[in-house]
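**Q** dropping a prediction and its sequence here:
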Amino acid sequence: MNHPRTGTLRLPARVHFGYGTRAQLPELLALHGTRVLAVVDPFLTGTPIFAEVLESLRGAGLTVSVYSNIQPELPVASLDTAGEFAREFAPDVVLAVGGGSALDAAKLVGLLAAHGGPLSRFYGENAVPGPIVPIVAVPTTAGTGSEVTPVAVVSDPDRALKVGISSPHLIPVAAVVDPEFTFGAPASVTAFSGIDALVHLVESYTAAPLTLEWTGALPVFTGRNLFSELIALQGISQLGTWLPIAVAEPDNRRAREEVAFGSLLGGMSFGPTGTHLSHALQYPLGALTKTPHGLGTGLMLPYVLDALRGDPEFDERLVAIGTALGSTDAVAAIAAINAAIGVPATLADIGITRDQLPQIADLALASARLIAIAPVPATRELLLGILDNALTGSLTDRTQR
């Protein structure tokens, strides 16, 4: 089937990648003023690399205040407190340093500082009324791609699942991806964040084409994308080769560099397209099992791809993914990566039982934005089939065909 060929890119004005790029931070921050609020993962505050960054900023004449009370899962109330801190400091620019949660927190602090709360009025897509305090983002894990994306995710006690705030206004003004920051991450963090980046790439490459109205505000996530397709296959190849090495050899500088680059490409790829079924299913799975986000998306990806086989257009894309991974079977190749880096093979391995599957499917269907971008219509029956196969570890054996 022929679809309209369209592309959208929304990225930071400046993206710097490579060892040593953190030296560019004083220059990037000074473009926006002299008062810098650094929103930082708590474990980073005493590290030599962050001390080096602080020294360079203050040596350049910048006034820096550090906020590090970043709580796991980003409860809304904790962000309200961070927003109050930011309004009192009145920053010209926010420096975000940390994993996905810290980067998301910084985006929301910038939002609250500019527009006030409560955060709930910004839930969903395109509800942010205008520019936020500029964000310069420095990831310390290779996974979320948040340094280049328009979304932040929070936990709200009034909601069963995590909730997203999505707007082009949340995209940082600059991203500095220096692989040096990823050293010291536990193997499980490298594995689960890295496999999530691979899911971003695969799901953006297989996203459905959406029919867009080009007048007025576009959706934040616009489905299949000419630009993302090129980026995605390169990123898939990067991670397929180097993620297992980075997990097995945490001090391997080349592996850290390549995985960080693959993660950046993942954010660049899914930022405009969106993700689909692995993510829709992970949100209820994560809520039920309290397992890391990347563990859930990585676990589900082979089962999602396997269930979608049979659609000619999807199968063509699956072949391209397999080629990027150096395999004739993309599903088997991804399952092998999961096994190599320690992603559980089945839902039973993370404590899910069969009687929970209908609830998981229903909650996943409620993620309308993710469901809309699935490459084939996502029925309840399809999701239950995916979940059932993931519970028992059933994947199609292509060698028998």
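**A** Cool, the structure landed. Numbering: from 1, shown residues only.
**Q** please report phi then psi for Cys152.
**A** Residue 152: Ala, not Cys. Backbone geometry at Ala152, expressed as degrees, to the nearest 10, gives phi -140, psi 140.
**Q** does it touch Leu170 like I think?
**A** Yes: under the contact definition of CB atoms under 8 Å, Ala152 touches Leu170, with a separation of 6.0 Å. For the C-beta atoms, the positions are set from N, CA and C on the backbone; glycine is no exception.
**Q** pick out whichever of these two has more residues nearby.
**A** More neighbours surround Ala152 than the other of Ala152 and Leu170, with 27 against 23 (other CB atoms under 10 Å).
**Q** the nearest residue to the more buried one once chain neighbours are set aside sits in which helix or strand?
**A** Taking CB to CB, 6 or more residues apart in numbering, and ignoring the residues beside it in sequence, Ala152 has Asp104 as its nearest neighbour in space, at 3.8 Å. For Asp104, the enclosing helix or strand under DSSP states H and E is helix 100-115.
**Q** identify each buried residue in that helix, please.
**A** By neighbour count with 16 or more other CB atoms under 10 Å, helix 100-115 contains the buried residues 100-115.
**Q** so, low pLDDT: which residues of this protein?
**A** When residues are selected by pLDDT under 70, those of the chain lie in 1-2, 4, 399-401.
**Q** go again using 90 as the cut-off
**A** Low-confidence regions of the chain, defined by pLDDT under 90, span residues 1-6, 72-73, 117, 156-162, 210-213, 216, 369, 396-401.
**Q** shouldn't Glu229 be in contact with Thr206?
**A** No: under the criterion of CB under 8 Å, Glu229 lies out of contact with Thr206, with a separation of 10.0 Å.
**Q** more crowded one of the two?
**A** Under the criterion of other CB under 10 Å, the comparison of Glu229 against Thr206 puts Thr206 first, with 28 against 19.
**Q** centre-most residue in this protein?
**A** Taking CA atoms, centre = their mean, the centroid of the chain lies closest to Thr144, which sits 2.9 Å from it.
**Q** which residues in the stretch 251-400 of the chain form helices?
**A** Under the criterion DSSP state H, counting those that start in this stretch, the stretch 251-400 of the chain carries helices at the ranges 253-273, 277-289, 293-308, 312-324, 330-341, 357-365, 368-372, 380-392.
**Q** save those as CSV, and put in distance to Arg35 and mean neighbour count too.
**A** Output for these, formatted as CSV (distance: least, CB to CB, whole Å; neighbours: other CB atoms under 10 Å):
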stretch, distance to Arg35, mean neighbour count
helix 253-273, 27, 26
helix 277-289, 36, 24
helix 293-308, 33, 26
helix 312-324, 44, 16
helix 330-341, 41, 20
helix 357-365, 42, 19
helix 368-372, 36, 17
helix 380-392, 48, 19
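**Q** any chance of those helices in TSV, with distance to Val136 too?
**A** What follows is the helices of the stretch 251-400 of the chain, written out as TSV (distance: least, CB to CB, whole Å):
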stretch	distance to Val136
helix 253-273	15
helix 277-289	27
helix 293-308	24
helix 312-324	31
helix 330-341	31
helix 357-365	35
helix 368-372	28
helix 380-392	39
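**Q** does Phe221 touch Thr273 like I think?
**A** Yes: the pair Phe221 / Thr273 is scored as a contact, 6.3 Å apart, by CB under 8 Å.
**Q** so the residue nearest to the centre of the chain lies in a helix, does it not?
**A** No: secondary structure of Thr144 (DSSP: H, G, I helix; E, B strand; the rest coil): coil, not part of a helix.
**Q** could you find the closest non-adjacent residue to it?
**A** Counting by CB to CB, 6+ apart, Gly100 is the residue found nearest to Thr144 once chain neighbours are left out, at 3.3 Å.
**Q** pretty sure Val220 sits in a helix.
**A** No: looking at Val220 with three-state DSSP, it is coil, so not inside a helix.
**Q** wait, it sits on Glu125?
**A** Yes: with contact defined as CB under 8 Å, Val220 counts as touching Glu125 (4.7 Å).
**Q** so what sits against both of these two?
**A** Taking CB atoms under 8 Å, 6 or more residues apart in numbering as the contact rule, Val220 and Glu125 both touch 166-167.
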